[in-house]
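In: Quick check, what structure comes out for this input:
(chains A and B)
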Amino acid sequence: AQKVTQAQTEISVVEKEDVTLDCVYETRDTTYYLFWYKQPPSGELVFLIRRNSFDEQNEISGRYSWNFQKSTSSFNFTITASQVVDSAVYFCALSEAGAGGTSYGKLTFGQGTILTVHP
Amino acid sequence: EPEVTQTPSHQVTQMGQEVILRCVPISNHLYFYWYRQILGQKVEFLVSFYNNEISEKSEIFDDQFSVERPDGSNFTLKIRSTKLEDSAMYFCASSVRGQYDEQYFGPGTRLTVT
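Out: Predicted coordinates:
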């Protein structure tokens, strides 16, 4: 069964600090997909990134970067030079391919990390 | 930019009543999903829908729940007889190629059962 753990319930930082959000996952599948979503105070879920299990290259997009390590089953998210607008709940999620690729994309979410960036 | 839309944004209903939550997925997407988020908790998968039928459902999605794509654009979630514990934010999502793509979420419908 798939599981996602985000051990950090809440993180509080001051603007311009770097912050890393941890995500650890469990799956028996060899093919799977990992995601990060942002939920700002307005409540919607905003897609940030998707990685497949065969691509361990780290990714950088502006102030955001992601570190995927299969050896430790982790997919961590770093925000560099945080800003007040980064304040949100961040969810890590996992989707398994299923036997013979039978999955239809069901997402299993972690509990989320509440990030507060103070001015 | 195309987006998933949901109506209503907030629905208040009495226990035992039927509710229908409506979603319009992104037009070229083929896979549709419902998730729910009880206040302060994680987002939970309810059901996925592809090719006009349910492809996967969770244990939460019992006989009280049903989904339908009544026409080429709408995707609905019906709860037949609401319970207090059905109070949650319900999110609709869609994707082009199911597991091979990211899902885009609507803004959610907050359901309050009194």
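
In: pLDDT-wise, which helix or strand of chain B ranks last?
Out: strand B:53-57 (a mean of 93; mean pLDDT, DSSP states H and E).

In: Show me what the next helix or strand after that one is packed against.
Out: Next along the chain after strand B:53-57, taking DSSP states H and E as the criterion, comes strand B:65-68. Using 3 or more CB pairs under 8 Å, 6 or more residues apart in numbering or on different chains; DSSP states H and E as the contact test, the elements touching strand B:65-68 are strand B:43-50, strand B:75-79. Backbone N, C-alpha and C define where each C-beta goes, glycine included.

In: Which of these sits closest to B:Ile60?
Out: strand B:43-50 (5.8 Å; CB to CB).

In: I'd like to check the angle between the closest one and strand B:75-79, please.
Out: Angle, strand B:43-50 to strand B:75-79, by axes from the mean of the first three to the mean of the last three CA atoms, to 10 degrees: 120 degrees.

In: Please say whether there is contact between the least confident helix or strand of chain B and chain A.
Out: Yes: for strand B:53-57 and chain A, the contact criterion (CB under 8 Å from any CB of the partner chain) is met by B:Ser55, B:Glu56.

In: again, but for stretch B:11-22
Out: No: with CB under 8 Å from any CB as the criterion, chain A is not reached by stretch B:11-22; the gap is at least 14.7 Å.

In: now that stretch: mean pLDDT?
Out: Averaged over stretch B:11-22, pLDDT sits at 98.

In: same thing with stretch B:104-114?
Out: Stretch B:104-114 shows a mean pLDDT of 97 in the predicted model.

In: cool, stretch A:32-51 as well?
Out: Taken as a whole, stretch A:32-51 has a mean pLDDT of 94.

In: if I look at the residue nearest to B:Gln11 when sequence neighbours are not counted, how far off is A:Gln6?
Out: Spatially, and ignoring its direct neighbours in sequence, B:Gln11 is nearest to B:Leu111 (5.2 Å; CB to CB, 6 or more residues apart in numbering or on different chains). B:Leu111 is 25 Å from A:Gln6, where distance means CB to CB, to the nearest Å.

In: before we move on, what about B:Arg110?
Out: Counting by CB to CB - B:Arg110 and A:Gln6 are separated by 23 Å.

In: Between those two, which has more neighbouring residues?
Out: Between B:Arg110 and A:Gln6, counted using other CB atoms under 10 Å in any protein chain shown, the more crowded position is A:Gln6 (21 against 17).

In: Report pLDDT for that one.
Out: For A:Gln6, pLDDT reads 98.

In: what about stretch A:57-68 and chain B, any contact?
Out: No: contact between stretch A:57-68 and chain B is absent, the nearest approach being 13.7 Å (criterion: CB under 8 Å from any CB).

In: ok, residues contacting that stretch?
Out: A:34, A:36, A:48-49, A:51, A:55-56, A:74-83 (CB atoms under 8 Å, 6 or more residues apart in numbering or on different chains).
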